[in-house]
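> quick one, fold the following:
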Amino acid sequence: MIERAFFSCADRARYIYLIQWARLGVEARGGLVVLGVRLMELYHGSYVRVPEPKIVHSAHFLDFGMGFYTTTDKEQAIKFTDKFTDLGKDRIVNMYEYDKTGAEEALSILRYPSADTEWLRYVAANRMGRGKDGDFDIVAGPVANDRVFNVVRFFEVGVYSEEDAIKRFLTFRLTDQIAFKTEKSLGYLKYTGSEKIAE
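Predicted coordinates:
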């Protein structure tokens, strides 16, 4: 099954993120997004090797709620491990082969191609502990790093309107994240190895 999503390439926010999502095998054809890559390499930053991924049920306040978080951006995964240095722990990037086509045929997947209004509301709700997972096995979209979260927080308390928040996102380089939220979804990940990051 090929999934398509329509949007205007004149929309700068979506266009910028479309370029970033090229790593996900996304191809633009006259404003039509075609997702057609069978296998994809994903990364997960940690302080241990994770050959058997698990859903982190205690992590309620992450962007997409509870789940096993990965990214197509290895540098993003490495950056995530920086916090472990001060704790005296190893910095390890785990690598996985993701059966993207198989997952799309069998699972319920929610995608946010850009940091738009719907993404903002979803992330804000999860960050504030009011998110509802619904029936999605996988959620994919931009990462709300510390700078982005500051904007989300100002939106939540009413300092920024939705329009103000979206305008600020345009100035950020947003990397991606893919959260595997059910045990069934983890079956489409195959561990391929780990890399210890030098200090």
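
> tell me the spacing between Phe84 and Asp135.
34 Å (CB to CB, to the nearest Å). All C-beta spots, glycine's among them, are computed from the backbone N, C-alpha and C.

> quick one, strands of the chain?
Per DSSP state E, the chain carries strands over the ranges 4-6, 26-29, 32-35, 39-46, 68-70, 92-99, 109-111, 138-142, 176-180, 189-196.

> any idea of the pLDDT on the residue most central in space within the chain?
Centroid check for the chain by CA atoms, centre = their mean gives Gln177 as the closest residue, at 1.7 Å. Note on Gln177: pLDDT of 93.

> tell me the phi and psi of the nearest residue to it once chain neighbours are set aside?
Once flanking residues are discounted, Gln177 sits nearest to Val143: 4.7 Å by CB to CB, 6 or more residues apart in numbering. The phi/psi pair for Val143 (degrees, to the nearest 10) reads phi -90, psi 130.

> before we move on, what about Leu174?
In terms of degrees, to the nearest 10, the main-chain angles of Leu174 are phi -100, psi 120.

> contact partners for the closest residue to it other than its chain neighbours?
Nearest non-adjacent residue to Leu174, counting by CB to CB, 6+ apart: Pro142, 4.0 Å away. Going by CB atoms under 8 Å, 6 or more residues apart in numbering, Pro142 touches 17, 112, 114-115, 119, 148, 169, 174-177.

> per-residue pLDDT of the residue of the chain positioned farthest from its centre, please?
Most distant from the centre of the chain: Gly88, at 27.1 Å, with distances by CA atoms, centre = their mean. With respect to pLDDT, Gly88 scores 87.

> any idea how far it is from Glu199?
To Glu199, Gly88 is 11 Å away according to CB to CB.

> where does this protein dip in pLDDT?
Along the chain, segments meeting pLDDT under 70 span 1-37, 57-60, 131, 133-134, 145-146, 171.

> where along it do the helices fall?
With helices called from DSSP state H, the chain shows them at 12-20, 74-80, 100-106, 117-127, 146-156, 162-169, 183-186.
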